[in-house]
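Colleague: The sequence and its predicted three-dimensional model are supplied below.
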Amino acid sequence: MAQEIELKFYVHPDSVDALRHHLHTLTTEHVDATQLVNIYYETPDNWLRRHDMGLRIRGFDGKYEMTMKIAGRVIGGLHQRPEYNIDLQKPELELPLFPAEVWPDGHLPDDLASQVQPLFSTDFCREKWLVTSGESRIEIALDLGEVKAGEHVEPICEIELELLSGTPTDILKLARQLVTSSGLRQGSLSKAARGYHLAQGNAARQRRAINEVKVPAKASTELGFATALEAALSHWQYHEELWVRGEKRAKEDVQAAIMLIRHTLMLFGGIVPRKASAHLRDLLTLAEATLTSDVSASTAAWSAEAASAKLMLTEWLVTEGWRLFLDEKAQAKFADSFKRFADTHLSRSASELKKTFAHPLGDSYRDQLPRLSRDIDSVLLLAGYYDAAQANAWLENWQGLRHAIATRQPIEIEHFRNEAICQPPFWLHSGKR
């Protein structure tokens, strides 16, 4: 088994030649383009997908390799996951060759070999550069081709930075050099993810609401903080993809995701000092400036400003960059229960909302939109331990109030204001239990 660690970027087609020229300046270790053909397999009931597993056969230069990728972690476009590779004599699956640890129950399911069938394929040319960065050896692969499922086809134009030896921080350091020019967009959708989507009919991807951030049971406050930032980054990347594909309204979702990052930093500001996130916030400001200008999705999403901000947040999460700025008191707070932190701050947010909107505000409602949005985001970030239906019911009135204010509906404003301020809490707090 190998632990695959790689960082993916989509490449704008107009930037391929400039990127290739830049990569040649980084190293003399270059491998000419090779044609790779990959067949991905699945069962009729998506057994592999449901177990977060990916199975393929790759053919190149008359050789064949069977690969199984299993559940790992994805932050931004940085993929970290176990990978099992088996050499084959011919392009036919031989599932018994995988070690027992691959399978969820420790053994190959009896009928799996008879159930798996080809689902989609990727066919691309891969050109490679081997780079030494810091103490690490990194392979940069430029892939140009297509992913195909039945009649549905999508182009592949991307680079992958794969860690051959060393530490993930060196991949991120190298990536910082690459994104200083426009034309790279950090992507979280793998070739396999795109292939599955095509195989399912290639339906238009839908916008997603920002929902409660779920954290594991007995999570620390630090894990809650990191999980919130990961969720915001994922929301940003998903809707940036939609925006690039023509969904104009997704621009609003990208802006909301960036604001969610800012609100997360504010919510945990009593533990993580502002100086810890100063550079990140500066990059977010540059990205927001590009978004708020009258530019196309192509210009904004492929800009160096957007790429640098997303990469900085990815690096911050991977390296836990905030820890360098925490004193002993802050470290103790981060090690404490996220549940306790959530209860305290849910009560604070609710108190602030009720105080602000306790009485009609006349013409001043719009002045309170930033505060209202911040507190709504805080509840979304903190409510993951509680029943989703109860949390959503509590939030709906405040979200309705925000929408009514934004769309200037006086009657609806007063309806939602009255409903919202009278709601009992859905969380534990000293005033109720």
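Modeller: Perfect, thanks for sending it.
Colleague: where are the low-confidence patches of this protein?
Modeller: Scanning the chain for pLDDT under 70 picks out the ranges 1-3, 72, 77, 429-433.
Colleague: In it, where's the longest helix?
Modeller: Longest helix in the chain, counting residues (DSSP state H): helix 221-244.
Colleague: any idea which helix or strand comes after that helix?
Modeller: Scanning forward in sequence from helix 221-244, with DSSP states H and E defining helices and strands, the next element found is helix 250-267.
Colleague: ok, and the closest non-adjacent residue to the spatially most central residue of the chain?
Modeller: Nearest to the centroid of the C-alpha atoms of the chain, with distances taken as Cα atoms, centre = their mean, sits Ser234, at 2.6 Å. The spatially closest residue to Ser234, leaving aside those adjacent along the chain, is Ser188, at 6.8 Å (Cβ to Cβ, 6 or more residues apart in numbering). (Glycine included, C-beta is placed from N, CA and C.)
Colleague: Same check on Gln390?
Modeller: Beyond its immediate neighbours in the sequence, the residue positioned closest to Gln390 (Cβ to Cβ, 6+ apart) is Phe426, lying 4.2 Å away.
Colleague: Checking the one you found next. Helix, strand or coil?
Modeller: coil (DSSP: H, G, I helix; E, B strand; the rest coil).
Colleague: can you pull the contacts of it?
Modeller: Shown here is Phe426, whose contacts under the criterion Cβ atoms under 8 Å, 6 or more residues apart in numbering are Ala383, Tyr386, Asp387, Gln390, Ala391, Ala393, Trp394.
Colleague: State the distance from the last one to Val379.
Modeller: In this case it means Trp394. For Trp394, the distance to Val379 equals 8 Å [Cβ to Cβ, to the nearest Å].
Colleague: all strands for this structure, in order.
Modeller: When secondary structure is read from DSSP state E, the chain shows strands at 2-11, 30-42, 54-60, 63-69, 73-75, 78-88, 117-133, 136-149, 152-165, 184-186.
Colleague: now those strands as JSON lines including distance to Asp294?
Modeller: As requested, the strands of the chain are arranged in JSON lines below (distance: least, Cβ to Cβ, whole Å):
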{"stretch": "strand 2-11", "distance to Asp294": "24"}
{"stretch": "strand 30-42", "distance to Asp294": "39"}
{"stretch": "strand 54-60", "distance to Asp294": "41"}
{"stretch": "strand 63-69", "distance to Asp294": "42"}
{"stretch": "strand 73-75", "distance to Asp294": "32"}
{"stretch": "strand 78-88", "distance to Asp294": "32"}
{"stretch": "strand 117-133", "distance to Asp294": "36"}
{"stretch": "strand 136-149", "distance to Asp294": "32"}
{"stretch": "strand 152-165", "distance to Asp294": "27"}
{"stretch": "strand 184-186", "distance to Asp294": "20"}
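Colleague: from those, which stretch is densest packed?
Modeller: By mean neighbour count, with neighbours taken as mean count of other Cβ atoms under 10 Å, strand 184-186 ranks first of the strands of the chain at a mean of 25.
Colleague: Tell me which strands that one pairs with, and in which orientation.
Modeller: Its sheet considered, strand 184-186 pairs with strand 2-11 (antiparallel) by DSSP bridges.
Colleague: Touching the strand it pairs with from outside, list them.
Modeller: For strand 2-11, the external contacting residues (Cβ under 8 Å, 6+ apart) are 19, 69, 72, 77-85, 142, 157-163, 168, 171-172, 175, 178-179, 183-188, 190, 307, 314.
Colleague: Stretch 284-294 too?
Modeller: Here stretch 284-294 makes contact (Cβ under 8 Å, 6+ apart) with 251, 254-255, 258, 261-262, 299-300, 303, 305-306, 308-310.
Colleague: Check these and tell me the two furthest apart.
Modeller: Maximum pairwise distance among the contacts of stretch 284-294 (Cβ to Cβ): 22.8 Å, between Arg262 and Thr299.
Colleague: Compare neighbour counts for these two and give me the winner.
Modeller: Counted by other Cβ atoms under 10 Å, Arg262 and Thr299 do not tie: Arg262 has more neighbours, with 18 against 13.
Colleague: close enough to count as contact, that one and Leu280?
Modeller: No: here Arg262 lies out of contact with Leu280, judged by Cβ atoms under 8 Å, at a distance of 9.7 Å.
Colleague: Just give me the neighbour total for the closest residue in space to His235 that isn't next to it in sequence.
Modeller: With sequence-adjacent residues excluded and distances taken as Cβ to Cβ, 6+ apart, His235 is closest to Ala257, at 4.1 Å. The burial metric for Ala257, expressed as a neighbour count using other Cβ under 10 Å, is 20.
Colleague: and Ala257, what is it in contact with?
Modeller: With contact set as Cβ under 8 Å, 6+ apart, Ala257 has these partners: Ile210, Ala232, Leu233, His235, Trp236, His239.
Colleague: can you rerun that using 7 Å?
Modeller: Residues in contact with Ala257 (Cβ atoms under 7 Å, 6 or more residues apart in numbering) are Ala232, His235, Trp236, His239.
Colleague: do the same with Arg408
Modeller: Residues near Arg408 by Cβ under 7 Å, 6+ apart: none.
Colleague: related to what we said a few turns ago, quick one: closest of the strands of the chain to Phe416.
Modeller: If you check each of these against Phe416 by Cβ to Cβ, strand 73-75 wins as the nearest, at 36.4 Å.
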